[in-house]
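Chemist: mind folding the following:
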Amino acid sequence: QVQLAESGGGAAQAGGSLRLSCAASGRTFSSYAMGWFRRAPGQERDFVGAISGSGGSTYYEDSVKGRFTISRDNAKNTVYLEMNSLRFEDTAVYFCAASRTFVARSRFQYDFWGQGTQVTVSS
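Modeler: Next up, the predicted model:
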């Protein structure tokens, strides 16, 4: 069982930056691939990016490539989402998730989820 807790959300202006953190419980954090997803009002929970257990591989949704960076610190049981050049359309609730199997873009491959943190970007 893994418990996840996101933090770092809030309000930002377009062009600004925010850094989200996701702290995980448990002693086997490095064995989990971690993903970030977001849900805008009235939409599905969409893939943002993911990182392998070692941190050696990362994957991003096309609209955030070059603007968002995922990293992890396995010693601190934490994964990060650095968001730069924010756009109004980045406004959403952001979720981190853990996968026991492999890095995936599909939310159905993830086993554990945080409660989410709101990011609001004003234009």
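Chemist: and the pLDDT at Thr101?
Modeler: Listed pLDDT for Thr101 reads 83.
Chemist: also the one 4 residues further on?
Modeler: What the model reports for Arg105 is a pLDDT of 93.
Chemist: shouldn't it be within a strand?
Modeler: No - under DSSP: H, G, I helix; E, B strand; the rest coil, Arg105 falls outside any strand and is assigned coil.
Chemist: for it, phi and psi?
Modeler: Here is the backbone geometry of Arg105 (degrees, to the nearest 10): phi -90, psi -20.
Chemist: list the contacts for it?
Modeler: Residues near Arg105 by CB atoms under 8 Å, 6 or more residues apart in numbering: Phe47, Ala50, Tyr59, Glu61. The way it works is simple: take the backbone N, C-alpha and C, and place the C-beta from them, glycine included.
Chemist: count the residues that sit near the last one.
Modeler: If I follow you right, that is Glu61. 16 (other CB atoms under 10 Å).
Chemist: Asp46 is in contact with that one, correct?
Modeler: Yes - using CB atoms under 8 Å, Glu61 is in contact with Asp46, at 7.1 Å.
Chemist: buried stuff in whatever helix or strand Arg38 lives in?
Modeler: Assigned by DSSP states H and E, Arg38 belongs to strand 33-39. For strand 33-39, a neighbour-count test (16 or more other CB atoms under 10 Å) marks Ala33, Met34, Gly35, Trp36, Phe37, Arg38 as buried.
Chemist: confidence score at the first one?
Modeler: Meaning Ala33. Listed pLDDT for Ala33 reads 97.
Chemist: which residues touch it?
Modeler: Ala33 neighbours (CB under 8 Å, 6+ apart): Ala50, Ile51, Ser52, Gly53, Ala98, Ser99, Thr101, Phe102, Val103, Ala104.
Chemist: how close does it get to Glu6?
Modeler: 17 Å (CB to CB, to the nearest Å).
Chemist: re the thing from before, so which of the contacts of Arg105 is the most crowded?
Modeler: Counting by other CB under 10 Å, top hit in the contacts of Arg105: Ala50 with 26 neighbours.
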